[in-house]
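K.L.:
Could you look at this predicted model? Sequence included:
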Amino acid sequence: DPGLFGIDATLDPKKREAAEHLALQIIDEVKQAGVTAEELEKAKKITLGQHLGSLTTMRGQASDIGSNWLLTRDLNFSREYLDAIQKVTLEDVKRVAGTYLTENNLTVVSLNPKGSMSGKTESVKAMAAGEIQKFELTNGLRLLVREDHRLPLVGMGAVFRGGLLAENPEDNGVTRLMAKVLLKGTKTRTAEQIATELESVGGSISSDAGNNSFSVSVDVMKPDVKLGLDMLSDVLLNATFPEKAVAREKEIQIAAIQQEEEQLTSVARNIMRQALFSQHPYALRSNGSIQAVQHLTQNDLASFRDRYVVGKNGVIYVFGDVKAAEVKQLVEKTLGNMQSGALALTDAKPPAPLVKTETVESRKDKAQGVLMVGFRGASLSSPDRYALELIDEASSDLGSRFFVRIREQMGLAYYVGASEMQGLVPGLFAFYLGTDPQKLE
């Protein structure tokens with residue numbers, strides 16, 4: 001950044017001193033010997049690729065123009081900056097390192113666990129979070145409480161089975177739309193009152209939807225637990241789905257669908273899921289399709305809520321500076337009258353077996369290519385999920401064999417990694433990279 005050059009790392013406290021020593025040693029090597037021509041060329045390409053990648057969407061282009069003007073009063077600054085990057089020489093790198101990366105210009109900061117610094121042990125009584133306690137209400141609603149008195153904060157929320165697994169091509173997007181409009185008004189509160197009541201006590205409320213579930217979450221401070229639970233129960237049980245709010249949220253969701261078409265990784269992921277899952281709900285888009293969202297009505301959202309926001313289909317969680325017995329009483333009072341209903345998606349079927357490897361290509365007028373290799377993955381209940389999570393982690397960091405070989409050694413990609421999707425039925429595991437279209441093969 002202008003005025004600052006920094007290196008940061010997250011690591012085991014035992015390795016802090018060795019890591020700091022090695023980082024400073026590498027800087028000294030650059031000051032003494034400089035870098036190689038290959039390293040400099042690779043750095044230039046990565047910088048260029050990352051910047052061009054940010055310009056693939058209208059939002060990225062707008063951000064580029066806006067930041068250029070805000071910071072430099074030059075609309076073309078980023079273009080001039082990239083031109084200047086290409087003119088940097090090996091001697092420039094060595095000279096600048098020797099000028100600025102000096103000991104009298106250095107600050108080292110480390111944030112460490114108490115007692116981990118050698119020679120500076122502290123006798124501190126450790127406070128820890130308690131065990132998770134589980135309760136079940138008479139309507140089948142499950143409650144998870146974890147007492148954690150280290151900070152006067154409380155996070156709470158409700159999660160219900162639903163999401164893509166509960167959708168079809170005709171109503172694709174209904175879970176996300178319903179979750180968003182839940183917060184736009186109840187029988188006793190307007191959307192503004194919902195937001196203002198919580199914001200006035202430093203709290204917040206949000207909702208989300210995924211492949212297998214949807215949720216509403218509330219964050220408050222310790223004195224406002226009762227208000228938080230009252231607000232949570234109000235939006236779950238008494239949401240009115242105002243028609244104006246439905247229309248506005250439909251516009252927002254459709255805009256998000258259209259924006260996905262500008263993001264190459266989103267386009268590639270959607271194509272891959274369609275090929276991997278074909279007629280299965282996991283082939284659907286999380287934001288839905290434009291046609292399906294356009295046809296959703298107030299009644300559709302209310303019906304979806306009535307079917308899935310029921311006791312036996314949900315879990316309430318309250319974690320933070322609370323007492324479990326008091327929370328149980330409050331939840332029974334606020335959510336004990338929720339309809340029992342039934343646990344949803346117990347008959348969710350896995351996708352049909354694949355019979356052959358499939359290759360799908362889509363051509364866009366873009367300066368970047370995206371390659372994805374997708375496989376059927378594991379379900380949440382499969383013991384294989386843990387190994388897959390480790391493979392995901394080992395394939396996605398800066399030290400992974402994918403990053404080191406494909407990007408660092410061969411210079412074939414701007415970014416590379418892995419991702420996975422787990423669900424009530426087997427999901428997917430994918431490897432991905434972004435690169436110059438000429439290098440895709």
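P.N.:
Nice, I can see it.

K.L.:
The stretch 101-250 of the chain: helices as residue ranges?
P.N.:
Here the stretch 101-250 of the chain has its helices, by DSSP state H, counting those that start in this stretch, at 174-181, 191-199, 225-238, 243-260.

K.L.:
Name the surrounding residues that touch the helix or strand encompassing Phe431.
P.N.:
Under DSSP states H and E, the secondary-structure element containing Phe431 is strand 428-435. For strand 428-435, contacts defined as Cβ atoms under 8 Å, 6 or more residues apart in numbering pick out 49, 53, 264-265, 268-269, 272-273, 276-277, 282, 368-378, 388, 391-392, 395, 402, 406-407, 412-421. For the C-beta atoms, the positions are set from N, CA and C on the backbone; glycine is no exception.

K.L.:
got a list of what the residue nearest to Leu141 when sequence neighbours are not counted touches?
P.N.:
In this structure, Leu141 finds its nearest non-sequential neighbour in Gly311, 3.9 Å apart by Cβ to Cβ, 6 or more residues apart in numbering. Shown in contact with Gly311 (Cβ under 8 Å, 6+ apart): 137, 139-141, 335, 338-341.

K.L.:
Same list (these) but as JSON lines, adding distance to Asn287.
P.N.:
Shown next, in JSON lines, are the contacts of Gly311 (distance: Cβ to Cβ, whole Å):
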{"residue": "Leu137", "distance to Asn287": "33"}
{"residue": "Asn139", "distance to Asn287": "32"}
{"residue": "Gly140", "distance to Asn287": "31"}
{"residue": "Leu141", "distance to Asn287": "29"}
{"residue": "Leu335", "distance to Asn287": "29"}
{"residue": "Met338", "distance to Asn287": "28"}
{"residue": "Gln339", "distance to Asn287": "29"}
{"residue": "Ser340", "distance to Asn287": "31"}
{"residue": "Gly341", "distance to Asn287": "26"}
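
K.L.:
Got a quick PyMOL command for the buried subset of those residues?
P.N.:
A single PyMOL command suffices to select whichever of the contacts of Gly311 are buried according to 16 or more other Cβ atoms under 10 Å:
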select buried, resi 137+139+140+141+335+338+339+341
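
K.L.:
Sitting in strands, which of the contacts of Gly311 do you find?
P.N.:
Per DSSP state E, strands hold no members of the contacts of Gly311.

K.L.:
Just put the contacts of Gly311 in TSV and tack on pLDDT and distance to Gln291.
P.N.:
Shown next, in TSV, are these (pLDDT from 0 to 100; distance: Cβ to Cβ, whole Å):
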residue	pLDDT	distance to Gln291
Leu137	96	40
Asn139	97	37
Gly140	97	36
Leu141	98	35
Leu335	97	36
Met338	97	33
Gln339	97	32
Ser340	97	35
Gly341	97	30
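
K.L.:
re earlier: from the contacts of strand 428-435, which land in helices?
P.N.:
Of the positions in those, 49, 53, 264-265, 268-269, 272-273, 276-277, 388, 391-392, 395, 402 sit in helices, assigned by DSSP state H.

K.L.:
just for this structure, where's the confidence low?
P.N.:
Confidence mapping of the chain against pLDDT under 70 gives the ranges 118-127.

K.L.:
ok so, going back, among the contacts of strand 428-435, the buried ones, what's the ChimeraX command?
P.N.:
In ChimeraX, a selection of the buried entries from the contacts of strand 428-435 looks like this (16+ other Cβ under 10 Å):
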select :49,53,264,265,268,269,272,273,276,277,282,368,369,370,372,374,377,378,388,392,395,402,406,407,413,414,415,416,417,418,419,420,421
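
K.L.:
just the strands in the chain please.
P.N.:
Going by DSSP E, the chain shows strands at 132-136, 142-147, 153-161, 204-209, 213-221, 314-320, 369-376, 415-421, 428-435.

K.L.:
so can I have JSON lines of those showing distance to Ala33?
P.N.:
As requested, those are exported to JSON lines (distance: least, Cβ to Cβ, whole Å):
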{"stretch": "strand 132-136", "distance to Ala33": "54"}
{"stretch": "strand 142-147", "distance to Ala33": "53"}
{"stretch": "strand 153-161", "distance to Ala33": "50"}
{"stretch": "strand 204-209", "distance to Ala33": "51"}
{"stretch": "strand 213-221", "distance to Ala33": "51"}
{"stretch": "strand 314-320", "distance to Ala33": "52"}
{"stretch": "strand 369-376", "distance to Ala33": "35"}
{"stretch": "strand 415-421", "distance to Ala33": "29"}
{"stretch": "strand 428-435", "distance to Ala33": "30"}
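
K.L.:
for those, which one sits closest to Val174?
P.N.:
Among the strands of the chain, strand 204-209 comes nearest to Val174, with 9.1 Å by Cβ to Cβ.

K.L.:
Compute the inter-axis angle for the closest one and helix 225-238.
P.N.:
40 degrees (axes from the mean of the first three to the mean of the last three Cα atoms, to 10 degrees).

K.L.:
Quick check: neighbours of strand 204-209 in the sheet, parallel or antiparallel?
P.N.:
Paired neighbours of strand 204-209 in the sheet (DSSP bridges): strand 213-221 (antiparallel).

K.L.:
Can you give me the buried ones in stretch 219-226?
P.N.:
Going by neighbour count (16+ other Cβ under 10 Å), the buried part of stretch 219-226 is 219-221, 224-225.

K.L.:
Equivalent analysis for stretch 358-368, please.
P.N.:
The neighbour-count check on stretch 358-368 (16+ other Cβ under 10 Å) flags Gln368 as buried.

K.L.:
Can you name the residues in contact with that stretch?
P.N.:
Contacts of stretch 358-368 with the rest of the structure, by Cβ under 8 Å, 6+ apart, involve 49, 52-53, 55-56, 264, 267-268, 271-272, 275, 414, 434-437.

K.L.:
And those residues, which two are furthest apart?
P.N.:
Leu55 and Ala275 (28.2 Å).

K.L.:
how about Ser116, what does it touch?
P.N.:
13-14, 16.

K.L.:
In helices only, show me the residues you listed.
P.N.:
Per DSSP H, the contacts of Ser116 map to helices at Arg16.

K.L.:
Any of the contacts of Ser116 buried? List them.
P.N.:
Buried by 16+ other Cβ under 10 Å: Arg16, out of those.

K.L.:
JSON lines for the contacts of Ser116, including distance to Ala33?
P.N.:
Output for the contacts of Ser116, formatted as JSON lines (distance: Cβ to Cβ, whole Å):
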{"residue": "Pro13", "distance to Ala33": "32"}
{"residue": "Lys14", "distance to Ala33": "30"}
{"residue": "Arg16", "distance to Ala33": "26"}
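
K.L.:
Of the contacts of Ser116, just say which sits nearest to Glu167.
P.N.:
Ranked by distance to Glu167 (Cβ to Cβ), those are led by Pro13 at 46.2 Å.
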